[in-house]
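In: quick one, fold the following:
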Amino acid sequence: MLTVETSAIRAQWDATGGRLPAAAAAGGGRGGGTPPPAIVRIVLDKATHAAIGGMADGTPIDFQCVTQPGYTWNAAARITGSDPVQKDDVILLGAHLDHVGARPGAPGTDTIFNGADDDASGVTAVLELAEALSKAPRGKRTIVFGFFGSEESGGAGANYFVVKPVIPLDKIKAMLQFEMLGRPDPLVPPDTLWLTGYERSNLGVELAKQGAKLVQDPHPEQSFFTRSDNIRFAYEGVISHTVSSFNLHKDYHQASDEVKTIDFPYMTKSIASMYAPIVWLSNSTFVPTWYENCKPVRGQGGRGATPPAGTPVPPPCKANGK
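Out: Reported below is the predicted structural model:
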C-alpha cells in the first residue's frame, strides 16, 4: 500500500520514538509470517507521490531496497509437565528481550534507550514466575518460558519461533506475552493488569475467575493486541494475548524509560496475582478458544491498517462471546 507522507504520519512515527528516514520512500508497517517480514506499507514523500500518483491502482512498481543483515536471538526454558499425557500440552509465557537501542541523534545527552518498562518489566515478570513455578510441584502440562529478540524490529524473534518452532504450535494451548508492567494504569482498578484482545477469547475470563487481577484493555483505539509478539502466534491460531498495564506514559520509546520510573510495589502485587491462575492452567484440562469470528487475520485490524481495495469484509467478531 502506498501512502503519502503527512504531518499526522510523521507524528505517529515520532510518538513511538521512530523517525522517517530522509529518503524518497520509507517502509512502514510490517506483516507477520516467515522472516524477514514483508513491508506492507510504503510512505512516499510528496515529490515521489507527485511522480507516480496518477498511476492506476494495481500498477506494478519496482523499488530498489537495501537490506542490512543482522542477528537476533531467542532464549527458552521449560518445566516439563508431570502427567504422561498432558505434558505434551504447553503453556507459553513470553516477553521480549530488546528495546530500541542507542540513538546518537536523540535529543539531550542520554542517547541510550534502556527500556525499563518496555520490556525489562515483562522479562522480570516471566523470570519471577519461572522461579516461583520451578519451586512448586510440577503441573500436569509443560510450561515454556520464551524470551524473544527484536520485537521492536518487526517481531523477528517471535516470527522465527513460529516458523521454526521448538514445540509444535498446535500443542501450545495458551500463550501469554508480558509487556510493560512497570506502572499502574489509572483506567483500571488498583493493582490490576489488562489483557489485549480480552474480548476475543475466553482465556482472560477464566484466568480472572482463578484470581488473576486481569481486565479488558481500556485502550482499544491503540490496537495493542496486534502490536506485540502474541500476534505472531495468534495468526497461527494459538490463543495468545499480552498482559500489560501500559498507561500511555510519555517515556514510551524514549531515553527516559528508566528504572527510577518503575512502581515496584505495583509490579509485585499485579504479577503475583498471575501465579495461582497459571498454576491452575498448568493443571487443568481447560483449552481456551476464540470467540466466533475473533481469530485475527493478517492485514485486518491494527492501528493504521487499511486492507487493499476489494478485500472481503470479514464477519464481525462476537466480542466476549456475544
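In: residue contacts, the residue nearest to G211 when sequence neighbours are not counted?
Out: Leaving aside its sequence neighbours, G211 sits nearest to A276 (CB to CB, 6 or more residues apart in numbering; 5.1 Å). No exception for glycine: its C-beta is placed from N, CA and C like everyone else's. Applying CB atoms under 8 Å, 6 or more residues apart in numbering to A276 gives the contacts 210-212.
In: residues near the residue nearest to A212 when sequence neighbours are not counted, how many?
Out: Counting by CB to CB, 6+ apart, P277 is the residue found nearest to A212 once chain neighbours are left out, at 4.2 Å. If you count neighbours by other CB atoms under 10 Å, P277 ends up with 19.
In: make sure P277 is indeed in a helix.
Out: Yes. Counting by DSSP: H, G, I helix; E, B strand; the rest coil, P277 is found in a helix.
In: who touches it in this structure?
Out: By CB under 8 Å, 6+ apart, the neighbours of P277 are 207-208, 210-212.
In: quick one: buried ones out of the residues you listed?
Out: 207-208, 210, 212 (16 or more other CB atoms under 10 Å).
In: which of those residues sits closest to N159?
Out: The nearest member of those to N159, counting by CB to CB, is L207 at 26.1 Å.
In: quick one: secondary structure of the closest one?
Out: Following three-state DSSP, the label given to L207 is helix.
In: ok, it - contacts?
Out: L207 touches 195, 214, 274, 277, 281, counting by CB under 8 Å, 6+ apart.
In: in strands, which of the residues you listed fall?
Out: Counting by DSSP state E, the contacts of L207 place 195, 214 in strands.
In: can you add pLDDT and give the contacts of L207 back as a markdown table?
Out: Formatted as a markdown table, the contacts of L207 follow (pLDDT from 0 to 100):
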| residue | pLDDT |
| --- | --- |
| L195 | 98 |
| L214 | 97 |
| M274 | 98 |
| P277 | 98 |
| L281 | 98 |
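In: looking at the contacts of L207, spot the one nearest N230.
Out: Distance to N230 across those (CB to CB) is lowest for L195, with 9.8 Å.
In: quick revisit: mind putting the buried ones among the contacts of P277 in TSV, distance to T124 and pLDDT included?
Out: Shown next, in TSV, are the buried ones among the contacts of P277 (distance: CB to CB, whole Å; pLDDT from 0 to 100):
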residue	distance to T124	pLDDT
L207	20	98
A208	22	97
Q210	22	97
A212	18	96
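In: adding distance to N247, write those out as CSV.
Out: Below are the buried ones among the contacts of P277 laid out as CSV (distance: CB to CB, whole Å):
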residue, distance to N247
L207, 21
A208, 20
Q210, 25
A212, 19
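In: all helices for the stretch 51-200 of the chain, in order.
Out: Shown for the stretch 51-200 of the chain, the helices assigned by DSSP state H, counting those that start in this stretch span residues 121-135, 156-163.
In: the ones you listed: which one's closest to L97?
Out: Checking the helices of the stretch 51-200 of the chain against L97 by CB to CB gives helix 121-135 as the closest, at 6.5 Å.
In: average pLDDT for that closest one, rounded please.
Out: For helix 121-135, mean pLDDT rounds to 98.
In: quick one on the thing from earlier: ranking the helices of the stretch 51-200 of the chain by burial, who's on top?
Out: Highest mean neighbour count of the helices of the stretch 51-200 of the chain: helix 156-163, a mean of 22 (counted as mean count of other CB atoms under 10 Å).
In: CA atoms only for it - export them in CSV, please.
Out: Provided in CSV are the C-alpha atoms of helix 156-163 (Å, rounded to 0.1, in the frame of the first residue of the first chain):
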residue,chain,number,x,y,z
ALA,A,156,11.8,-11.1,14.2
GLY,A,157,12.4,-13.4,17.2
ALA,A,158,8.8,-14.4,17.6
ASN,A,159,8.4,-14.8,13.9
TYR,A,160,11.4,-17.2,13.8
PHE,A,161,9.9,-19.2,16.7
VAL,A,162,6.6,-19.5,14.8
VAL,A,163,8.3,-20.6,11.6
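In: got the phi and psi for the residue nearest the centre of the chain?
Out: Residue closest to the mean C-alpha point of the chain, counted by CA atoms, centre = their mean, is S228 at 1.0 Å. As for S228, its main-chain torsions (degrees, to the nearest 10) stand at phi -140, psi 180.
In: about what we covered before: return the member of the contacts of P277 nearest to E131.
Out: Once CB to CB is applied, the member of the contacts of P277 that ends up nearest E131 is A212, at 18.7 Å.
In: list the contacts for the closest one?
Out: So A212 contacts 193, 273-274, 276-277 (CB under 8 Å, 6+ apart).
In: Three-state assignment for it, please.
Out: Going by three-state DSSP: A212 is coil.
In: quick one: it and N320, what's the gap?
Out: Applying CB to CB, to the nearest Å, the value for A212 to N320 is 16 Å.
In: including distance to L248, could the contacts of P277 go into a markdown table?
Out: A markdown table is the format used below for those (distance: CB to CB, whole Å):
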| residue | distance to L248 |
| --- | --- |
| L207 | 24 |
| A208 | 23 |
| Q210 | 28 |
| G211 | 27 |
| A212 | 22 |
